[in-house]
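[1] take a look and give me a structure for this.
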Amino acid sequence: MSKPMGTIPAGFKADADEMLLIGGRRADALVAEAGDTPLFVYDLALIHAKIARFKAAFGDVNLHFAMKANPYPPLLKQVRSKVDGLDLASGGELRIALEAGIDPATMSFAGPGKRDVDLKAAIEAGVTLNCESEGEVERALALGGRPRLAVRVNPDFEIKGSGMRMGGGAKPFGVDAARVPDLVRHILGSHAEWRGFHIFAGSQALDPAALIEAQAATLALAAELATEIGATPPLVNLGGGFGIPHFHGEQPLDVEAVAAALLPALAARPAILRDTKFAIELGRWLVGECGVYLTRIVDRKLSHGKTFLVTDGGMQHQLAASGNFGQIVRRNYPVAIASRFGVVAQEEVSIVGCLCTPLDRLADDVMTPTAKVGDLVAVFLAGAYGLSASPQAFLAQQAAREIIVNASD
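    As a prediction, this is how the structure comes out:
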């Protein structure tokens, strides 16, 4: 019995030859331009539409891009002028962002385990450090200069139903809320510049009510901490958590409903936060749906009555689609035969990659049009946590290419 797939995002269609169009370009033409498969294609027009939608809904709330979702430099260069900040999670991302020409004053750097060399590079560039512990603050202060320090808070709550829970209970992320006031007072008494709070409770949430509840709790916590400290935080990063539907039955997040609750809450915020700026940090919601992973069928085989389409790509580039990036029970991402896009499904197949492991599966028991060797397979939702979140060096397979379409400048 066939298994369902997630829904292909809106905006994709075929031309008269049944070839998938990505940003108005034929998939096979993009492969030819890039030189070969496997290939990630990112449609910048879809990202720009997401940014416009956010700004229309959230008004003066700053939008930060979580670079870990997709650090591809040409994509960063396109996004940089359209968002208010860039959130980093490693020294390597800092180097990529600086090389891409991003203004360091708009960057913040979170993540546990920052090395002294990373702290020093951030301080010298003028990047805000979202400090994860008292020890990290002390190391930053010892490096000299005038570090810009925010405190990442480990709240006592989480986003209900989120895919990854980043707050509540014992966590390697952030400083427990009860210890934050003493730490911030220490920063205020030092030579550092205090930049505020980073409060991230979870990710990949599709329930607007859960996000509304978490944001209300975050706002209340920020006010409580600021009052105890006796100082107004310049910025409160409310975290993100906006998800996109990956699997059958999931529905898109109603971001306008989230905004409709947040904006009145911000308007009525306590006086201690009156001069505070607020930001929402998004990655997957902004860029996840813009990406398509194209891989070519190199073999078609039968085993015990089951048809396998074997491709030249796989989990070394698309760990998430293989089900090995946080899934407990494997479910199918949306996939399609790009060379016969929109054609009625005719057969049940499993689409697998080229790695010598049973973990390398792109789709299990799905219905597709009849495909042959040489056809292109498209895996959707490949714009976030694709290539950069996958074991690219595994079995020394060929590297994937990347390309953007619909660049605005």
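[2] contacting residues for the closest residue to residue 134 other than its chain neighbours?
    In this structure, residue 134 finds its nearest non-sequential neighbour in residue 183, 5.7 Å apart by Cβ to Cβ, 6 or more residues apart in numbering. Where you see a C-beta, it was placed from the backbone N, CA and C, and this is true even at glycine. Residues counted as contacts of residue 183 (Cβ atoms under 8 Å, 6 or more residues apart in numbering) are 131, 134, 137, 151, 175.
[3] go again with 10 Å.
    For residue 183, the contact set (Cβ atoms under 10 Å, 6 or more residues apart in numbering) comprises 131, 133, 134, 137, 149, 151, 153, 175, 229.
[4] of those, which belong to helices?
    134, 137, 229 (DSSP state H).
[5] show the buried residues in these.
    137, 229 (16 or more other Cβ atoms under 10 Å).
[6] got the ones in helices among the contacts of residue 183 as CSV, with distance to residue 72 and pLDDT columns?
    Formatted as CSV, the ones in helices among the contacts of residue 183 follow (distance: Cβ to Cβ, whole Å; pLDDT from 0 to 100):
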residue, distance to residue 72, pLDDT
134, 35, 97
137, 32, 98
229, 39, 98
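[7] turn the ones in helices among the contacts of residue 183 into CSV, including distance to residue 93.
    Output for the ones in helices among the contacts of residue 183, formatted as CSV (distance: Cβ to Cβ, whole Å):
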residue, distance to residue 93
134, 24
137, 21
229, 30
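[8] ok, the ones in helices among the contacts of residue 183 vs residue 297, which is closest?
    residue 137 (53.2 Å; Cβ to Cβ).
[9] contacts only, for residue 150.
    108-110, 128-131, 184, 187, 193-198, 233-237.
[10] in helices, which of these fall?
    Those of these lying in helices (DSSP H): 184, 187.
[11] domain boundaries for the chain, per the record?
    13-42+289-405, 71-282 (automatic domain parsing).
[12] let me know the pLDDT of the closest residue to residue 193 other than its chain neighbours.
    Distance criterion Cβ to Cβ, 6+ apart; nearest residue to residue 193, sequence neighbours excluded, is residue 148 at 4.8 Å. Note on residue 148: pLDDT of 98.
[13] who are the contact partners of residue 286?
    46-48, 50-51, 53-54, 63-66, 69-70, 79, 82-83, 240, 242, 244, 383-384.
[14] show me where pLDDT drops low in the protein?
    158-172, 409 (pLDDT under 70).
[15] how far off centre is the lengthiest strand in the chain?
    Looking across the chain with DSSP state E, the single longest strand is strand 291-303. How far strand 291-303 lies from its chain's middle: 26 Å, per Cα atoms, centre = their mean, to the nearest Å.
[16] what are the buried residues along that strand?
    In strand 291-303, counting by 16+ other Cβ under 10 Å, buried: 291, 292, 293, 294, 295, 296, 297, 300.
[17] which strands and helices sit next to that strand?
    Judged by 3 or more Cβ pairs under 10 Å, 6 or more residues apart in numbering; DSSP states H and E, strand 291-303 is in contact with strand 20-22, helix 27-34, strand 39-43, strand 306-311, strand 335-337, strand 347-352, strand 376-380, strand 401-405.
[18] between the second one and strand 291-303, how many degrees?
    Which is helix 27-34. Between the axes of helix 27-34 and strand 291-303, defined by axes from the mean of the first three to the mean of the last three Cα atoms, to 10 degrees, the angle is 110 degrees.
[19] ok now helix 27-34, how far from the chain's centre?
    Per Cα atoms, centre = their mean, the centroid offset for helix 27-34 relative to its chain is 25 Å.
[20] ditto for the third one
    Computed by Cα atoms, centre = their mean, the separation of strand 39-43 from the middle of its chain amounts to 15 Å.
[21] tell me the helices and strands packed up against it.
    Going by 3+ Cβ pairs under 10 Å, 6+ apart, strand 39-43 lies up against strand 20-22, helix 27-34, helix 73-79, strand 291-303, strand 376-380, strand 401-405.
[22] residue 217: which of those is closest?
    helix 73-79 (29.1 Å).
[23] may I have the phi/psi pair for residue 355?
    Backbone torsions for residue 355, taken as degrees, to the nearest 10, come to phi -80, psi 150.
[24] likewise for residue 69?
    phi -70, psi -40.
[25] could you check how far the nearest residue to it once chain neighbours are set aside is from residue 190?
    Nearest residue to residue 69, sequence neighbours excluded (Cβ to Cβ, 6+ apart): residue 283, at 2.9 Å. Residue 283 is 31 Å from residue 190, where distance means Cβ to Cβ, to the nearest Å.
[26] neighbour count for these two, which is higher?
    Shown here are residue 283 and residue 190; by other Cβ atoms under 10 Å, residue 283 has more neighbours (22 against 16).
[27] what residues are up against the more buried one?
    64-70, 87, 89, 203, 240, 242, 383-385.
[28] return the subset of the residues you listed lying in strands.
    64, 65, 66, 87, 203.
[29] most neighbours, which of these?
    Neighbour max across these (other Cβ under 10 Å) = residue 87, 29 neighbours.
[30] quick one, what contacts the nearest residue to residue 370 once chain neighbours are set aside?
    Sequence neighbours aside, residue 346 is the residue nearest to residue 370 in space, at 5.0 Å (criterion: Cβ to Cβ, 6+ apart). Contacts for residue 346 (Cβ under 10 Å, 6+ apart) come out as 340, 367, 368, 369, 370, 371.
[31] from those residues, which is closest to residue 310?
    residue 371 (11.0 Å).
[32] is it true that residue 119 touches residue 140?
    Yes - between residue 119 and residue 140 there is a contact at 5.2 Å, judged by Cβ atoms under 10 Å.
[33] quick one: buried residues of whichever helix or strand residue 219 is part of?
    Assigned by DSSP states H and E, residue 219 falls within helix 208-229. Neighbour counts over helix 208-229 (16+ other Cβ under 10 Å) mark 208, 210-215, 217-219, 221-223, 225-226, 229 as buried.
[34] now do that helix: distance to the chain's middle.
    Per Cα atoms, centre = their mean, the centroid offset for helix 208-229 relative to its chain is 23 Å.
[35] now for it, which elements pack on it?
    Using 3+ Cβ pairs under 10 Å, 6+ apart: helix 208-229 touches strand 148-154, helix 180-188, strand 193-199, strand 202-203, strand 235-237, helix 255-267, strand 277-282.
[36] can you add distance to residue 99 and give the ones you listed back as a markdown table?
    Formatted as a markdown table, the helices and strands packed on helix 208-229 follow (distance: least, Cβ to Cβ, whole Å):
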| stretch | distance to residue 99 |
| --- | --- |
| strand 148-154 | 21 |
| helix 180-188 | 30 |
| strand 193-199 | 24 |
| strand 202-203 | 27 |
| strand 235-237 | 24 |
| helix 255-267 | 32 |
| strand 277-282 | 22 |
